[in-house]
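Peer 1: okay, sequence plus prediction incoming.
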Amino acid sequence: CTYCENEEASGGLRTQKIREVLARRPDAFRKRERMEDEGCKCKSTRCIKNYCVCFNVGIKCDSRCRCKDCKNREVCNID
């Protein structure tokens with residue numbers, strides 16, 4: 001980036017924006033984990049990108065998932 005203000009060195013602005021986001025959503029920066037009773041809900045990524053909760057943690061989609069045109073049921077890791 002040129003003139004990036006999303007770095008520690010930019011000082012107060014970055015910290016201020018992080019506080020604003022956390023005020024709205026306290027869990028905004030916590031790592032998301034796959035819930036045992038929920039699956040993914042992918043519509044267009046076909047579950048082969050890190051947007052897919054299952055693909056991101058390296059597991060296959062299963063019956064709990066509500067994905068469309070899934071490519072992560074047969075093969076877990078696709079390069």
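Peer 2: All right, it came through fine. Numbers count the residues shown, from 1 in each chain.
Peer 1: from residue 47, how far off is residue 68?
Peer 2: 9 Å (C-beta to C-beta, to the nearest Å). Glycine gets a C-beta too; all of them are placed from N, C-alpha and C.
Peer 1: give me the more crowded residue out of those two.
Peer 2: Counted by other C-beta atoms under 10 Å, residue 68 and residue 47 do not tie: residue 47 has more neighbours, with 25 against 12.
Peer 1: residues contacting that one?
Peer 2: Contacts for residue 47 were tallied using C-beta atoms under 8 Å, 6 or more residues apart in numbering; they are 40, 54-55, 61, 65, 67, 70-73.
Peer 1: switch to 6 Å and redo it
Peer 2: 55, 61, 67, 70-72 (C-beta atoms under 6 Å, 6 or more residues apart in numbering).
Peer 1: just these now: which is nearest residue 16?
Peer 2: Comparing these against residue 16 with C-beta to C-beta places residue 55 closest, at 34.2 Å.
Peer 1: so where is this structure shaky, pLDDT-wise?
Peer 2: Residue ranges of the chain with pLDDT under 70: 8, 10-11, 31-37, 74-79.
Peer 1: what segments of it are helices?
Peer 2: 12-24, 53-57 (DSSP state H).
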